[in-house]
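In: Structure here, sequence nowhere to be found:
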């Protein structure tokens, strides 16, 4: 339900209320936002690939994800998604875009913290330098 409402609000703003001159595509906010969006998408896709391939067919149990942003954070896929929507918010420079970013951060951030805590408790050899969701910070 949330995704449907959010999609409507974002689409409605971008098609009916947002006013962007043709020069907007050269505005630093748009350029930085688009860069962050695609960087986040790339991190998200790569992290999902790593997670999907953690176990070989027939294996069960949990494993420690390694590679890509998982070298820095426990929730690399969550970090990628947060970065995507931060980029989207900056690129469209709107209240609705920022609101969606903030919701994403507040929804996914705690999930990443819980995953991080679980990994620390479950695996004695879990890398102690890894952060939960923001590399080198948190």
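Out: Thanks, I have it. This one's a predicted model, so the numbers in the text were calculated from it and none came from an experiment.
In: The one helix or strand residue 40 maps to: which residues count as buried?
Out: Per DSSP states H and E, residue 40 falls inside helix 28-52. The neighbour-count check on helix 28-52 (16 or more other CB atoms under 10 Å) flags 30, 33, 36-37, 40, 43-44, 46-47, 50 as buried. The C-beta positions use only the backbone N, C-alpha and C, and glycine is treated the same way.
In: Next: stretch 102-112.
Out: Buried positions in stretch 102-112, judged by neighbour count with 16+ other CB under 10 Å: 104-105, 108-109, 112.
In: Just name the closest of these to residue 74, please.
Out: Within the buried residues of stretch 102-112, proximity to residue 74 (CB to CB) peaks at residue 112, which comes in at 6.5 Å.
In: who touches the closest one in this structure?
Out: Contacts for residue 112 (CB atoms under 8 Å, 6 or more residues apart in numbering) come out as 73-75, 78-79, 132-133.
In: how much space between it and residue 17?
Out: Distance, residue 112 to residue 17, by CB to CB, to the nearest Å: 33 Å.
In: All the strands of the chain, residue numbers only.
Out: Using DSSP state E, the chain contains no strands.
In: Helices of this protein, residue ranges please.
Out: 2-12, 28-52, 76-92, 95-122 (DSSP state H).
In: Ok, which of these comes nearest residue 64?
Out: helix 95-122 (6.8 Å).
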